[in-house]
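[1] Return atomic coordinates for the entry below.
(2 chains)
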Amino acid sequence: MSASAAPAPAEAPGAAAPAGASRLAPITVTHPEKVDLGAIRLFRAPPWVLRLTIEGDRSYTRVKVVRAAPLSYPRRYISLLDARDEEICMIEDLAQVGPELRAVLCEELDRRYLTAAIERVIAVRNEFGTSYWEVETNRGRREFVIQNVAENARWLGDQRLLLIDVDGNRFEVPDTGRLDRRSLAFVEQVL
Amino acid sequence: MPFVEALPAEVSQRVAELVPAGEDILVQVAADMAGPTRFGTTWLVLTGQRLLLVGADGDGSVVQAPLERISQARAEVLVGGGRLEIEQRGAGAVQLYYSASLVPKFGEVAEGINQLVRGEPLSLPAELELSRCPRCGRILPEKGGICPACARRADTLKRLLSYVWPYRMRALLLLAVTLGAALVGLVPPYLLKTIIDRVLSPRVAAPAGGGFGLLALLVGGMLGVNVLTWAAEVLRRWLNTWVGFRAVEELRLRLFSSLQFLPLRFYDRRKVGALISRMTNDSDLVEIFLLFDLPFVFSNSLMICGIVGLMFYMNVQLALLVLVPVPPIVIGSTLIWGRLQGYWRRWSARWSRLSSHLNESITGIRVIKAFAQEERESGRFERRNRAVRDVSVSAERSWLVFFMVTNFFMSFGSFLVWYFGGRQLVHGRLGLGELMAFNYYLMMLYRPLKWFGDFYSFMVRAFAGAERIFEVIDARPEPFADPAARPAPRLAGHVRFRNLSFGYDPGKMVLRDIDLEVQPGEMIGLVGRSGVGKSTLVSLVCRFYDAGRGTLELDGQDIRTIRLEDLRRQIGLVAQQSFLFNDTIAANIRYGRPDASFDDVLRAARAANAHEFIVQKPDGYDMVVGEGGSKLSAGEKQRIAIARAILHDPRILILDEATSSLDTATERRIQEAIRRLVQGRTTFAIAHRLSTLRSASRLVVLEGGRIAEVGTHAELLARRGIFYHLVRTQRMTTAALAEPQPEAMPAS
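    Numbers count the residues shown, from 1 in each chain, chains lettered A, B, ... in the order given. Below is the predicted model of the structure:
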C-alpha cells in the first residue's frame, strides 16, 4: 500500500515544516494555575493527613496523589488533587522534583496503587476457561483467579504484562525476560 | 454470621487478653494485607466498647481505639484495593489496608462502625457473597457464583434430564434404538468371518449346493443388518431431534422468562453481552450435548464393550495385541490435547477481537470518515486478521500432527494383527475369516475411543453452559406473585419517605435519611448536581430497588406490602432517552395497555402533541419505528413516550430529564404535553434546566444524598440557598451564550 496523500511523514521534527494542517496549533489551558514546583511542600501532619502548602500562597489538607496514566507513564504526570477532587497542580516528571518531595510522592503512590509485581510464578492451573494463579510478589505470596484471559491480561509492552483478577486486584510482570524459566513457562502456557 | 470469622489460635489468645470478659464481639473480620504495601493478615475486632486491629503474622502488633473516641469510619477505594480509615478525636487515625477482593466486606464494616458511633444498633447484612468455594476452597470466578471445579456434575445432568422427562417414553425408545443399533453394528464382521470361513475358504470341502445356500443366507443376513442399521439410524435421528429440540426449547423459554422477572439489581452487575451469550451460546452448547453427545455416550460405550468382548471371545492373544496401541494413543491425546486447547482458546480470543473491530468500525464509520482514518483502520484490521491466520495455521498444524500420530498408532495395531494373525493363520490356528473380522473390529474400535477423548471436553463445556443457565433460572425473581401482598387497584398517590437510606453497593450510601411527604396530585421537582441521587430516589418509588434502611409508604402502606403488579401498573415513566420497541407507532403507544382502542391511541397522541408529526409519516400510526426507535428524531420519540405514559394513565408519574436534549421549540411543545399529563397525578420530575420545573408544586434540593432544601420555586429563591445559586449559575451560563432564552429567571 502506498502512503496517502498526506505530507511526507519522514520530515525531521524541528526542520522547517511546510505551513499547513500537519502542524498542531497550541492549545491554551487556563486552569489549574501554573504552580512553581519549587514552592510545593508536601508533608504529613498529623501522620495520617497529607497536606500540601504552596509556599507563601495557600495550603490544602487531605491531598490525593494520583497518576494520570498509571500504565504508560507511572513516573510522570502525577496529579495532586484536593479534598474535593479538584486538581491543584500536576507534576510532569518525578525526576523534576527534589528528593524530599519525591519520597513523599512515591510513598503516597505506593499506597494508592496496590499493584503487586510478580517475581515468581509458583503454579498456574487452567481449568474450565478460568486460570488459577499462585505467585510470589514484591508484596508477598498471593493466590488469584483470572477469568477471560483475553480481556484481563494486557501487554503493556513487549515484555511487560498486567493481570487483573476477578476482584479487580492488579498484578504486574514488569519484565517477562527477567522471570525464571519455570515462571515464564507458566505465563506462556496461559497467554 | 459473615462478619464474625473464626480466629486462628494465637490471634484468638491475643484478643482474649485485650477484650474484657463479658464484652461481646460484634465484628471480627480479617483483612488480607499487613500494612500499606505487604500482603498478610490483619484482624479487625469490634465490640460495643472498642476497636482492635491485630496483626496475625507473628509480630502480634495491636492498635486499640476506644469506641467513644471514634468520630467516623470511612472506606476509601484505592486502585486494586482499599483502605479503612477510622478517625479518632484527640488521637491519630487508624488505617487498615485490604485488597480489592475485600472492598465490599469492609464497606459494610465501615458502615457498621458508623452505626455504633451514632449510637444505633449494629445492623449488617445477613450474608456476604462468597469469594471462595465452600467445598474446595478455590477462589470463585464470580463472587457468589459457581465453582467450576465443584459444580455438581451429577446434579446438573439430572436437571438437564428433567427437561427430557416430559418426553420420557420417546426418550426411552430413543435409548433402546441407539443401543439396538450399536448391537446390530457388531454383527456384519461376524457374518463376514462366517462367509470366509464357511463358504469361501478353500480348505473346507464345500458340500455340493449347500455352500450357495449358506452364502445366500449370510449375504441376506448382511443385507438385513444393513437395512436394520439404516432404519435404526433414521428412527434414532428423528427421535433425537424431536426430544432434544423440545427440551432445549423449554430450557430457553425458562431462561427468558427468568430474565424478565429478575430484579434490576441483577442487571446492574452484569454485562448485557454476557447475558445474551447465556441465551445463545450456552443454550447451543446444551443443545449439542443433548442432541449429539448424550446418545452417543450410551452407544459408544456399548460398542467398545461389545467389540472388546467379541475379540477376546474369538482370540485372546490377538485381542491383547490389539489393545497394545491403546495406552499410547490415550496418553498422546491427553498430551497434545492441552496444547490444542491452548490454540483454540487463543483462536477464539483473536477471532472475537477481529469481529469486535469489524463491528466497531462499521458502527463508527462516520467518525472514521470524518477523521479520515480509513487507512489506519484497514491497517489495524490487517494486523488482527493476520493474527487470526497465524493461530489458525498453528492450531491446524498441531491438529494434523495429532491426527497423523493417532492414525499411525492405530494402523500399528492392524500391523500387529496382520503379522501375528498371519502367523497363526499359517500355523493353522486361526481362520482367514477370523483374521478379516478382527481387522474389521479393530477399525470399529478406535473410532469410539477417539470420540471419548473429545467427549470429555465437550461435556465440561456443555455443563458449564448449563450451569450458567441454571444460575439465572435459580436467581431470585422480583416478588411478583407474593400471596401476602395487598392488592392496590387504584392508588391515590400519597407518597411518604420515612428516614430512608439506600446504596447500590454496600457501604456506599447514595441516599441518606430522606424524609418527605408528597400529597396526591402534587408535582415534586427534584434538583441537584448530577450523581446526587435524584434518579435513585425515583427508582425507589418504582420499587426497582428496596430501601436499605427506613421505609417508603404509598397511601400509608409500606411499598413492600403492595402487590408489585398493581404498583407498576400505576406508575408511568418518561426518561431522558425513551426506549421504543421495534414495532409500529400505535403498538408502542399501546404498550402499557394493549387493549386500548385506536381512538384512545389517537387521543393520547394528540394530548402528547405527537399526532401532527405522526400523520405526516407515510405510514402514519402504522410506521415501524426501527430498533430502539432509530427512525424517529429524539423529540418525536419523546412525544411517543409521553403518549404511551398518557395512555397508561398512571397515578404516579416520573419524568426523568424528559425534556433535556431537545431544541426550545420542540421542548415547548413537549412541556405543553407534559402539563396535560401531570394533571391530577402525583409527579416526580427531574430536570437540569431548572426553569422547566417552574410549574412544580414544590422543589426538593438534594445535596450529598440528603434533602437540603424544600419549598416552592419562589420560596427557594428567596431563601438564597443552594437552589438560588444553581439558578444564578444557570442564568449566567445562559446569558454568556448570548442568546436570550425565554426561560430566563423571573424578575424578583
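
[2] So in chain A, where's the weakest helix or strand by average pLDDT?
    The helix or strand of chain A with the lowest confidence, counting by mean pLDDT, DSSP states H and E, is helix A:149-152 at a mean of 74.

[3] Let me know the next secondary structure element after that one.
    Later in the chain than helix A:149-152, the nearest helix or strand by DSSP states H and E is strand A:153-155.

[4] Quick one, grab the pLDDT at residue 99.
    By default, I'm working from chain A. A:P99 carries a pLDDT value of 89.

[5] switch to chain B, that's the one I care about
    For B:S99, the model assigns a pLDDT of 89.

[6] residue contacts, it?
    Residues in contact with B:S99, defined by Cβ atoms under 8 Å, 6 or more residues apart in numbering or on different chains, are A:114, A:167, A:169, B:32-33, B:39, B:80-82. No exception for glycine: its C-beta is placed from N, CA and C like everyone else's.

[7] Now the residue most central in space within chain A: closest residue in space that isn't a chain neighbour?
    Closest residue to the average C-alpha location of chain A: A:P70 at 1.8 Å, with Cα atoms, centre = their mean. Closest residue in space to A:P70, ignoring its immediate chain neighbours: A:Y113 at 6.1 Å, by Cβ to Cβ, 6 or more residues apart in numbering or on different chains.

[8] For the one you found, name its beta-bridge partners.
    B:V79 (DSSP bridges).

[9] And the helices in the stretch 601-748 of chain B, which stretches?
    All helices of the stretch 601-748 of chain B, identified by DSSP state H, counting those that start in this stretch, fall at B:611-616, B:634-648, B:664-678, B:713-719, B:722-736.

[10] still on that earlier bit, against which helices or strands is the least confident helix or strand of chain A packed?
    If you count contacts as 3 or more Cβ pairs under 8 Å, 6 or more residues apart in numbering or on different chains; DSSP states H and E, helix A:149-152 packs onto helix B:326-363.

[11] in the helix it packs on, what counts as buried?
    Neighbour counts using 16 or more other Cβ atoms under 10 Å in any protein chain shown place B:326, B:329, B:332-333, B:336-337, B:340, B:342-343, B:345-347, B:349-350, B:354, B:357, B:361 of helix B:326-363 among the buried residues.

[12] for stretch A:28-35, same thing?
    Neighbour-count burial for stretch A:28-35 [16+ other Cβ under 10 Å]: A:V35.

[13] cool, stretch B:712-728 as well?
    B:713, B:716-717, B:722-724, B:726-727.

[14] Could you look up the SS state of B:G40?
    Following DSSP: H, G, I helix; E, B strand; the rest coil, B:G40 is assigned to strand.

[15] Next, count neighbours for the residue nearest to A:P70.
    18 (other Cβ atoms under 10 Å in any protein chain shown).

[16] next one: A:D165
    Using other Cβ under 10 Å, A:D165 has 23 neighbouring residues.

[17] Give me the phi and psi for the nearest residue to it once chain neighbours are set aside.
    The shortest distance from A:D165 to any non-neighbouring residue, by Cβ to Cβ, 6+ apart, is to A:F144 (4.0 Å). Note on A:F144: its backbone torsions stand at phi -150, psi 170 [degrees, to the nearest 10].

[18] Buried ones in the strand ranked longest in chain A, by neighbour count?
    Of all the segments of type strand in chain A, defined by DSSP state E, the longest one is strand A:115-127. Going by neighbour count (16+ other Cβ under 10 Å), the buried part of strand A:115-127 is A:115-116, A:118-119, A:121, A:124, A:126.

[19] Next, format those residues as CSV and append distance to B:V426.
    Formatted as CSV, the buried residues of strand A:115-127 follow (distance: Cβ to Cβ, whole Å):
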residue, distance to B:V426
A:T115, 74
A:A116, 72
A:I118, 66
A:E119, 67
A:V121, 60
A:V124, 56
A:N126, 52
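
[20] ok, so of these, who is nearest chain B?
    A:T115 (5.7 Å; Cβ to the nearest Cβ).

[21] Quick one, grab the pLDDT at the nearest residue to the closest one once chain neighbours are set aside.
    Distances taken as Cβ to Cβ, 6+ apart put A:R170 closest to A:T115, at 4.2 Å, once the chain neighbours are dropped. The per-residue pLDDT reported for A:R170 equals 90.

[22] Roughly how far does A:R170 sit from A:R141?
    According to Cβ to Cβ, to the nearest Å, A:R170 and A:R141 sit 16 Å apart.

[23] Which one's more surrounded, the two?
    Between A:R170 and A:R141, counted using other Cβ under 10 Å, the more crowded position is A:R170 (20 against 13).

[24] How about the contacts made by that one?
    A:113-116, A:162-164, B:79-80, B:100.

[25] Ramachandran coordinates for B:H427?
    Dihedral angles (degrees, to the nearest 10) for B:H427: phi -80, psi 0.

[26] Beyond the helix or strand of chain B with the lowest mean pLDDT, next helix or strand please.
    Between all helices and strands in chain B, the lowest mean by mean pLDDT, DSSP H and E belongs to helix B:272-277, at a mean of 67. For helix B:272-277, the following helix or strand on the C-terminal side (DSSP H and E) is helix B:283-288.

[27] hang on, isn't the residue nearest to A:P70 packed against B:V79?
    Yes - look at A:Y113 against B:V79 with Cβ atoms under 8 Å: they come within range, at 4.8 Å.
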